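Asks: let me see the structure of the following:
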Amino acid sequence: RLTEFGFHSTALIYANFLNNVAATPYCILLDEIERTLVIVIRGSVTLEDLVTDLQFSAIELNRVGEIVGFDGRGKYCHRGMLTNSKWIYNDIHKQKIVSDVLRDGKNNPYRDYNLVITGHSLGGSCAAILTIMFKPMYPNVKCYAFCPPGCTLSMNLASECDDFITSFV
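Replies: You can find the predicted model right below:
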């Protein structure tokens with residue numbers, strides 16, 4: 001629980017602090033009052049993050065879409081942010097945290113919880129991309145991206161995500 005910070009109903013259930021050009025620190029929180037599992041992704045802080053930020057060439061999402069279950073043809077995102085988003089996605093699946101917490105079953109008290117992904121700057125971009133990756137498995141996922149770079153998603157992809165990604169600039 002995060003009671004010492006004033007969050008009496010929120011528990012930190014996982015954190016990964018690995019930071020390099022392909023990995024961004026993040027944590028997973030469980031908020032029992034809001035009935036929400038929250039993935040929080042840290043923004044740019046280190047020189048490694050700057051290297052990620054500068055990998056801004058566009059990359060098509062066709063291969064990622066094939067793997068996670070959406071049509072990524074003709075949809076593009078920031079290359080460096082995608083690399084870090086894929087690392088987070090793979091780590092979450094390896095740890096089985098989201099799938100275990102949100103699994104169906106009448107004995108699971110969290111089965112009806114919402115999934116929210118959020119972050120600032122680099123973290124906001126990764127949150128948006130990660131939300132797109134999680135959408136086929138968790139159709140009600142929402143993203144709140146704070147100050148993501150404008151080059152995060154192609155215009156056509158950003159338009160498709162209006163109903164589940166909210167950016168604050």
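
Asks: okay, Lys106: pLDDT?
Replies: Per-residue confidence (pLDDT) for Lys106: 88.

Asks: what helix or strand is Ile28 on?
Replies: Using DSSP states H and E, Ile28 maps to strand 26-31.

Asks: ok, now Tyr14?
Replies: Going by DSSP H and E, Tyr14 is part of strand 10-16.

Asks: surely Tyr82 is in a strand?
Replies: Not quite, residue 82 is Leu, not Tyr. No. Using DSSP: H, G, I helix; E, B strand; the rest coil, the assignment for Leu82 is helix, not a strand.

Asks: could you pull up the residues touching it?
Replies: Leu82 sits next to 59, 61, 64, 129 when contact means C-beta atoms under 8 Å, 6 or more residues apart in numbering. (C-beta placed from N, C-alpha, C; glycine too.)

Asks: check Ile41 too.
Replies: Here Ile41 is in contact with 24-26, 88, 117-119, 122-124, 126-127, 130 (C-beta under 8 Å, 6+ apart).

Asks: tell me what it is bridged to.
Replies: With DSSP bridges as the criterion, Ile41 is bridged to Tyr26, Gly119.

Asks: mind checking pLDDT for it?
Replies: For Ile41, the model assigns a pLDDT of 98.

Asks: same list, the contacts of Ile41, but as CSV with pLDDT please.
Replies: Listed next are the contacts of Ile41 as CSV, based on pLDDT from 0 to 100:
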residue, pLDDT
Thr24, 97
Pro25, 98
Tyr26, 98
Ile88, 98
Ile117, 98
Thr118, 98
Gly119, 98
Leu122, 97
Gly123, 98
Gly124, 98
Cys126, 98
Ala127, 98
Leu130, 98
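
Asks: right, and the pair among the contacts of Leu82 with maximum separation?
Replies: Based on C-beta to C-beta, the longest span within those runs between Ile59 and Ile129 and measures 10.5 Å.

Asks: between these two, which contacts overlap?
Replies: Residues within reach of Ile59 and of Ile129 at once, by C-beta under 8 Å, 6+ apart, are 77-78, 82.

Asks: so where do the helices sit in this structure?
Replies: Secondary structure of the chain (DSSP state H): helices at 47-53, 62-68, 79-95, 97-101, 122-134, 155-160.

Asks: relative to helix 122-134, how tilted is the third one?
Replies: This means helix 79-95. Angle of helix 79-95 versus helix 122-134, following axes from the mean of the first three to the mean of the last three C-alpha atoms, to 10 degrees, is 60 degrees.
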